[in-house]
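**Student:** Pasted the sequence and its predicted model underneath.
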Amino acid sequence: MSHQNNGNIIQLEDGWNNVIKKGAIDVLEKTLDDGFDTSFVPSEYIRIYTTCYDMCTQRSPYNWSRDLYNRHGETIEAYLRNTVLPALQDKTGQGGTILLNELKHRWSNHQIMNKWLKKFFTYLDRYYVKHHSLPTLEQAGLGHFKTEIYQNSKENTTSAIISLIDEEREGEIIDKTLVKSIIELYESMGMGSLDSYTNDLEQPLLDATRAYYGRKREDWIAKDSTPDYLIKAEKALGEEKMRVVEYLNPATEPKVRKVVEDEILQKVQMNLLEKEGSGCSVLLANDKTDDLKRMFKLFSRLESGLQPMANIVEKFITSQGNACIEKRQSRLDSGEKDKNDDPEFVKSLIDLHEKYLGVIRETFASHHLFQKALKNSFEEIINNDVGQFSNAELMSTFCDRILKSGGEKLSETEVEQNLDRIVQLFSFLNDKDLFAEIYRNQLAKRLLNQRSASDDAEKAMIAKLKVQCGTQFTSKMEGMLNDLAVGSEQKSEFDQRMEQLDTKLSFGVQVLTTGNWPSYKAPEVALPPQMSKCMEVFKEWHDNKHQKRRLTWVHSLGNATVRATYGKKSYDLQVTTLQAVVLNSFNDGKTYGFTELKEKLNVDDITLKPLMHSLSCGKHKIITKSPASNKIASTDSFSPNAKFTCNMRKIRIPVASVESSHNKNRVEEDRSVAIEAAIVRIMKARKTLSHQQLVAEVLSQLAFFKPQPRVIKKRIEALIDREYLERSSENSQQYNYLA
């Protein structure tokens with residue numbers, strides 16, 4: 001400033017050569033070349049700064065701002081071109097680390113030079129650069145380095161970096177700090193963006209990574225089992241992620257991950273899943289949990305990567321279920337009697353479901369695709385019936401074993417567990433209504449014969465079914481339990497009435513609501529006078545309490561205890577009401593022919609034959625049959641067995657049931673009603689529908705069974721006949737609703 005005030009003008013060459021170049025630039029270049037720390041004493045720095053300031057603030061034509069700006073650039077260019085570039089070219093070919101170290105050194109020197117020149121020419125930055133919208137001195141310095149050095153060496157340095165990364169992939173130790181500093185150079189060359197890094201390093205690195213893992217893939221897939229391959233794949237993915245953290249730009253991570261996943265997982269996914277001896281099915285068969293977890297985790301990285309795996313899981317579980325079914329079939333083929341009670345088979349299905357439910361939950365993190373696979377496989381397994389009895393009946397009978405007294409010996413917790421598991425299997429049944437019908441019949445027998453082990457367990461099972469299928473599904477079962485609860489209250493009231501009468505019988509009645517219980521045959525039978533009198537007393541008492549209810553006596557469901565005396569020994573025979581009536585006929589000690597007995601009791605052959613079989617051909621032969629055989633004929637004659645003895649005082653004499661476990665016609669009728677109701681509901685809302693649309697909507701609405709389309713078509717025809725619907729006159733495949 002003092003120069004100008006004193007009228008001393010600094011000439012361009014004088015100021016540049018004698019002060020700036022000599023005092024600053026030459027000193028800078030020398031110390032950088034010699035490798036010493038570069039610094040200027042304050043007085044020297046102030047002298048150079050002031051000279052630059054004065055040269056930029058002199059009045060025109062002696063304002064040298066533009067010339068100094070240009071010479072700043074030319075100085076950097078000359079140094080880079082004449083000193084730095086030859087040094088780098090000299091190191092090229094001597095090994096990647098040598099070249100990168102030289103570049104790191106020269107980049108560091110350049111940053112020092114740029115810093116000091118910016119300090120000396122600060123006034124240029126402050127006014128001239130701003131006024132003329134030029135790059136700042138720092139930007140210009142970077143630009144010159146990019147043009148002179150970076151553009152000429154980037155191919156060699158990129159190759160060197162990739163070579164070092166490949167060495168590290170092979171397990172060698174590399175100088176990560178060196179690589180990181182060169183990566184920062186690439187980032188700086190973008191001048192505020194990552195373009196240079198992305199185009200000049202990242203893209204070649206991704207291409208090299210693809211090639212590297214392509215080679216690895218071919219090597220691994222040829223010699224490694226699937227678990228070993230996946231261990232290597234997991235390790236490689238982890239290392240690549242760490243590599244980005246340690247020295248690459250974070251933006252590279254998803255790109256390099258995608259390349260590696262594509263090369264080592266996507267391209268060989270099916271090879272790995274289906275590999276002989278170690279694929280997904282083999283791992284499932286051998287319960288290789290850790291390997292399956294790793295497989296799930298790795299393939300979940302891929303888009304749609306889990307679906308092929310889920311398909312294999314579904315196929316495998318189905319095959320395991322079919323093995324259980326084939327085992328049952330082979331038992332039947334080898335001559336085992338086909339019964340509606342096969343706990344071994346049902347338990348095998350429960351265990352199978354429990355096992356793979358755990359696998360889906362623990363190994364596959366309850367992923368929806370694997371839950372669907374389990375559901376699909378068990379829907380196929382559970383609805384595959386073999387033998388005379390459906391799986392619905394086998395499952396219901398399994399429940400019966402658990403819930404009735406004298407069945408399975410289980411603790412409360414075990415009962416609860418088994419019921420939970422059977423309800424899980426039940427959820428896969430197509431014929432839920434068939435199960436309900438069979439279950440209701442078996443529940444009725446347990447309740448009426450006092451064979452139910454626990455009221456709480458019965459209620460718990462019905463509650464579980466209610467959760468699965470709703471109130472409509474279990475309303476009749478709940479009604480049955482309610483009948484018994486109400487009946488026990490009425491029993492004590494009626495017992496008081498009976499005490500007032502002079503009767504030798506202990507008499508009790510269970511009143512059932514017709515709609516809740518299965519329909520039973522009610523054969524007429526000639527009852528002993530004592531029984532008839534008790535019935536009349538009850539009818540009179542009941543009619544007084546419930547005038548609008550009509551009683552129908554179902555003797556086939558009743559039971560009795562008969563005191564039988566043989567010589568000095570007496571027995572309590574636990575029998576049905578009809579057996580008791582038959583035994584009462586032999587109190588006179590006479591011999592009766594079958595036909596004679598039938599007329600005396602006023603019953604038909606179908607009712608009497610099982611009764612006589614139970615009393616004369618069973619384990620306890622209370623009645624003697626002539627001729628002796630295991631079948632009842634209408635020509636047989638019967639008399640009391642005077643020689644009967646038994647070690648037990650209480651004897652239960654079972655009678656074979658002539659009724660099946662469920663009424664198939666009733667199930668079909670209920671289904672017809674449900675299908676027709678669904679059709680009418682849908683058509684009332686939609687007014688007009690095509691045949692295919694109507695069938696599809698009906699199937700979607702029916703929760704408890706899945707009818708064949710031809711059955712639905714039959715019900716549609718029936719509704720057309722009854723004028724609920726009509727065919728469209730324009731299209732025979734279209735239906736209209738008739739209000």
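**Tutor:** Sure thing, it's come through.

**Student:** Could I get the full set of helices for the stretch 351-500 of the chain?
**Tutor:** All helices of the stretch 351-500 of the chain, identified by DSSP state H, counting those that start in this stretch, fall at 368-382, 391-403, 412-426, 432-448, 455-469, 471-499.

**Student:** Which of the ones you listed sits closest to residue 574?
**Tutor:** Closest approach to residue 574 among the helices of the stretch 351-500 of the chain is made by helix 432-448 (14.0 Å; Cβ to Cβ). Any C-beta I mention is one placed from the backbone N, CA and C, and that applies to glycine too.

**Student:** starting at the chain centroid, how far to that closest one?
**Tutor:** Distance of helix 432-448 from its chain centroid, counting by Cα atoms, centre = their mean, to the nearest Å, is 31 Å.

**Student:** list the buried ones in stretch 165-178?
**Tutor:** 165, 168, 169, 174, 178 (16 or more other Cβ atoms under 10 Å).

**Student:** before we move on, the earlier item: would you list the helices of the stretch 351-500 of the chain in TSV and tack on mean pLDDT?
**Tutor:** Shown next, in TSV, are the helices of the stretch 351-500 of the chain (pLDDT from 0 to 100):
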stretch	mean pLDDT
helix 368-382	95
helix 391-403	91
helix 412-426	92
helix 432-448	88
helix 455-469	91
helix 471-499	79
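
**Student:** So for residue 28, which of those helices sits nearest?
**Tutor:** The nearest among the helices of the stretch 351-500 of the chain, by Cβ to Cβ, is helix 368-382 at 66.2 Å.

**Student:** what residue ranges in this structure are flagged as low confidence?
**Tutor:** 1-7, 35-38, 93-95, 487, 502-503, 657-666, 739 (pLDDT under 70).

**Student:** Check the gap between the spatially most central residue of it and residue 186 for me.
**Tutor:** By Cα atoms, centre = their mean, the chain has its centre lying nearest to residue 371, at 2.3 Å. According to Cβ to Cβ, to the nearest Å, residue 371 stands 47 Å off from residue 186.

**Student:** before we move on, the earlier item: there's contact between the residue nearest to the centre of the chain and residue 357 in this structure, I believe.
**Tutor:** No. With contact defined as Cβ atoms under 8 Å, residue 371 does not reach residue 357; the gap is 9.2 Å.

**Student:** how close does residue 191 sit to residue 113?
**Tutor:** From residue 191 across to residue 113, the span is 18 Å (Cβ to Cβ).

**Student:** So between these two, which is more surrounded?
**Tutor:** residue 113 (23 against 12; other Cβ atoms under 10 Å).

**Student:** pretty sure the more buried one contacts residue 141?
**Tutor:** Yes. Look at residue 113 against residue 141 with Cβ under 8 Å: they come within range, at 7.5 Å.

**Student:** so the closest residue in space to residue 157 that isn't next to it in sequence is in which element?
**Tutor:** Of all residues not flanking residue 157 in the chain, residue 103 sits nearest, at 5.9 Å (Cβ to Cβ, 6 or more residues apart in numbering). Element membership of residue 103 [criterion: DSSP states H and E] is helix 96-120.

**Student:** got the contact list for the helix or strand following that helix?
**Tutor:** Per DSSP H and E, the first helix or strand lying C-terminal to helix 96-120 is helix 122-123. Helix 122-123 is contacted by residues 49, 52, 53, 56, 57 when judged by Cβ atoms under 8 Å, 6 or more residues apart in numbering.

**Student:** ok now helix 122-123, how far from the chain's centre?
**Tutor:** That offset, for helix 122-123, works out to 69 Å (Cα atoms, centre = their mean).

**Student:** after that helix, next one along is what?
**Tutor:** Immediately after helix 122-123, counting by DSSP H and E, sits helix 130-131.

**Student:** helices and strands around that next one, which ones?
**Tutor:** Counting contacts by 3 or more Cβ pairs under 8 Å, 6 or more residues apart in numbering; DSSP states H and E, helix 130-131 is packed against no other helix or strand.

**Student:** just checking, what packs against the following helix or strand past that helix?
**Tutor:** Counting by DSSP H and E, the next helix or strand C-terminal to helix 130-131 is helix 137-145. Contacts defined by 3+ Cβ pairs under 8 Å, 6+ apart place helix 137-145 against helix 65-79, helix 96-120.

**Student:** what about the longest one, distance to the chain center?
**Tutor:** So the one you mean is helix 96-120. The chain centre lies 59 Å from the centre of helix 96-120; the measure is Cα atoms, centre = their mean.

**Student:** cool, and the shortest one?
**Tutor:** Relative to the centre of its chain, helix 65-79 is centred 70 Å away, using Cα atoms, centre = their mean.

**Student:** and stretch 121-138, C-alpha only, in PDB?
**Tutor:** Extracted as PDB, the C-alpha positions of stretch 121-138 are listed here (Å, rounded to 0.1, in the frame of the first residue of the first chain):
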ATOM      1  CA  PHE A 121      -3.000 -14.400  -3.800                       C
ATOM      2  CA  THR A 122      -5.900 -14.000  -1.300                       C
ATOM      3  CA  TYR A 123      -6.800 -10.600  -2.700                       C
ATOM      4  CA  LEU A 124      -7.300 -12.100  -6.100                       C
ATOM      5  CA  ASP A 125      -9.800 -14.500  -4.700                       C
ATOM      6  CA  ARG A 126     -11.600 -11.800  -2.800                       C
ATOM      7  CA  TYR A 127     -12.200  -9.400  -5.600                       C
ATOM      8  CA  TYR A 128     -11.000 -10.200  -9.000                       C
ATOM      9  CA  VAL A 129     -12.300 -13.800  -9.100                       C
ATOM     10  CA  LYS A 130     -15.700 -12.800  -7.700                       C
ATOM     11  CA  HIS A 131     -16.000  -9.800 -10.000                       C
ATOM     12  CA  HIS A 132     -15.200 -11.800 -13.100                       C
ATOM     13  CA  SER A 133     -17.000 -15.100 -12.000                       C
ATOM     14  CA  LEU A 134     -13.800 -17.100 -12.400                       C
ATOM     15  CA  PRO A 135     -12.900 -20.400 -10.600                       C
ATOM     16  CA  THR A 136     -11.400 -19.700  -7.200                       C
ATOM     17  CA  LEU A 137      -7.600 -20.200  -6.900                       C
ATOM     18  CA  GLU A 138      -8.200 -23.500  -5.100                       C
END
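
**Student:** mind listing what's buried in the helix holding residue 103?
**Tutor:** Under 16+ other Cβ under 10 Å, the buried positions of helix 96-120 are 96-97, 99-107, 109-110, 113-114, 116-120.
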